[in-house]
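[1] take a look and give me a structure for this.
(one chain, ligands or ions: 3)
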Amino acid sequence: MAAPGENLKINGERLWDSIMEMAKIGPGVAGGNNRQTLTDADAEGRALFRTWCDAAGLTMGVDRMGTMFARREGSDPDALPVYVGSHLDTQPTGGKYDGVLGVLGALEVVRSLNDLGIRTRRPIVVTNWTNEEGTRFAPAMLASGVFAGIHDLDWAYAREDAEGKRFGDELKRIGWQGEEEVGARRIHAFFELHIEQGPILEAEGKEIGVVTHGQGLWWLEVRLTGKEAHTGSTPMAMRVNAGLGMARIIELVQRVAMEHQPDAVGGVGQANVYPNSRNVIPGRAVFTVDIRSPDLEKLTSMRSAIEADAPKIAAELGLGIEIEPVGHFDPVTFDEACVSAVRNAAERLGYSHRDIVSGAGHDACWINRVAPTSMVMCPCVDGLSHNEAEEISPDWATAGANVLFHAVVETAEIVE
Ligand code: HGY
Ligand code: MN
Ligand code: MN
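    Ligands and ions are numbered 1, 2, ... in the order given. The predicted structure follows:
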């Protein structure tokens, strides 16, 4: 397939302006974003994205998980399209670029094709996947997971947030429940541009990450049951302390992750104790263990170690324990041809680059199950993400979007 000339570039300024415009919606408290999935802020961000897609002459489709598909026609309407996108939902203390760079970078590919008057044989579909983060409704990558046939629609609709609100009800409430059957669309190839969310590219002075693999993940929800009692008058020997059990299991997760080095991580980011009163010993503790590794054996071994030892900790403290997997995907190997399209684009454009394994999960990890997929990464400052201080440079954004542009256009085949 004819590759686009190295002089073909996106409009980096327009991309940056769009990212800053989107960042005004669902602002955080420290310069980042809190635009959690299916909130009013998410609805506002979707509306802005739709306005931009309309202006770029794209035809919008929405499926029953609310995922947005904005299509640019190709010369061959029957050719399977090239899909390109990411997610607009953010963490509660999220950055301005996680997901957003990938959706707006994809839109910039189309805007640049329009400016340059380039037609491709294959249609191109810019995509915003619903609920990539999984922070309000677990698991992460929920809509792309339904699309790939991992989860079924009813199960996804029944997922509840901390206030007991159902995913399906909230999707309807914000007016983004589409008609399209989820997963009915056939994809020729999918590309996702994303910030690295780790320190490697910046530390090595590389502009582009050519993502060859993705880490596997387990999310295990642990529910401990003890006995509420007075923190002052209850002797230590009489306590059935769910908070203490949680602390010891968090230590266990840390130890297990360290025993599986290199290339394994483990921690607990979400934790609740009940009744969460200063002078009541917690009768209940509910928290999510997040363990990951690019090595399937290590991932499995970490899960077994935690599921074997956490109940022992609970028994020592007289606690009841339930452990429920609430999120999982095996390590991912991306498609060779798509990875080469990304690597060749970085070469052609003269960007420094290196192969990299994605530490974070992405919609691409699920779409890789149903279509040839790969990712482009750009560095982020200090490798920081899932933090309002997340930062990238306009040059990094432009380089990533240029590589995305070339990989997508080459795969979609220029016709004129
Ligand atoms: O959890 C993840 O890796 C992604 O950011 N949702
Ligand atoms: Mn993301
Ligand atoms: Mn994220």
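[2] how about the contacts made by the residue lying farthest from the centre of the chain?
    Distance from the centre of the chain peaks at Ser233, with 46.4 Å (CA atoms, centre = their mean). Shown in contact with Ser233 (CB atoms under 8 Å, 6 or more residues apart in numbering): no residues. C-betas here are computed from N, CA, C, even on glycine.
[3] how about stretch 80-88: buried residues?
    Pro81, Val82, Tyr83, Val84, Gly85, Ser86, His87, Leu88 (16 or more other CB atoms under 10 Å).
[4] kindly apply the preceding question to stretch 363-381 instead.
    Buried-residue list, stretch 363-381, by 16+ other CB under 10 Å: 363-381.
[5] follow-up on the earlier one: okay if I get the buried residues of stretch 80-88 as CSV plus secondary structure and distance to ligand 1?
    As requested, the buried residues of stretch 80-88 are exported to CSV (DSSP: H, G, I helix; E, B strand; the rest coil; distance: CB to the nearest ligand atom, whole Å):
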residue, secondary structure, distance to ligand 1
Pro81, coil, 25
Val82, strand, 23
Tyr83, strand, 19
Val84, strand, 19
Gly85, strand, 15
Ser86, strand, 11
His87, coil, 8
Leu88, coil, 13
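[6] out of the buried residues of stretch 363-381, list just those in strands.
    Thr373, Ser374, Met375, Val376, Met377, Cys378 (DSSP state E).
[7] got those as a markdown table, with pLDDT columns?
    Below are these laid out as a markdown table (pLDDT from 0 to 100):
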| residue | pLDDT |
| --- | --- |
| Thr373 | 98 |
| Ser374 | 98 |
| Met375 | 98 |
| Val376 | 98 |
| Met377 | 98 |
| Cys378 | 98 |
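[8] re the thing from before, how about the residue farthest from the centre of the chain, phi and psi?
    phi -100, psi 0 (degrees, to the nearest 10).
[9] now swap in Asn128 and tell me
    According to degrees, to the nearest 10, Asn128 has phi -120, psi 110.
[10] report pLDDT for the residue nearest to it when sequence neighbours are not counted.
    Among residues not flanking Asn128 along the chain, Met68 sits closest, at 4.2 Å (CB to CB, 6 or more residues apart in numbering). According to the prediction, Met68 has pLDDT 98.
[11] could you measure from Met68 over to ligand 2?
    From Met68 over to ligand 2 the distance is 16 Å, taken as CB to the ion, to the nearest Å.
[12] tell me what that residue is bridged to.
    Here Met68 sits in beta bridges with Val62, Asn128, going by DSSP bridges.
[13] contacts only, for it.
    So Met68 contacts Arg46, Phe49, Arg50, Cys53, Met60, Gly61, Val62, Thr127, Asn128, Trp176 (CB under 8 Å, 6+ apart).
[14] tell me which element the fifth one falls in.
    The one in question is Met60. Taking DSSP states H and E as the definition, one finds Met60 inside strand 59-62.
[15] which other helices and strands contact that strand?
    With contacts taken as 3 or more CB pairs under 8 Å, 6 or more residues apart in numbering; DSSP states H and E, strand 59-62 sits against helix 40-55, strand 68-72.
[16] hmm, try it at 6 Å
    Judged by 3 or more CB pairs under 6 Å, 6 or more residues apart in numbering; DSSP states H and E, strand 59-62 is in contact with strand 68-72.
[17] distance from the strand it packs on to the middle of the chain?
    19 Å (CA atoms, centre = their mean, to the nearest Å).
[18] output that strand as CSV, nothing but the C-alphas.
    These are the backbone C-alpha positions of strand 68-72, laid out as CSV (Å, rounded to 0.1, in the frame of the first residue of the first chain):
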residue,chain,number,x,y,z
MET,A,68,-19.7,7.0,19.2
PHE,A,69,-18.6,6.1,15.6
ALA,A,70,-18.0,9.0,13.3
ARG,A,71,-17.5,7.8,9.7
ARG,A,72,-15.6,9.5,6.8
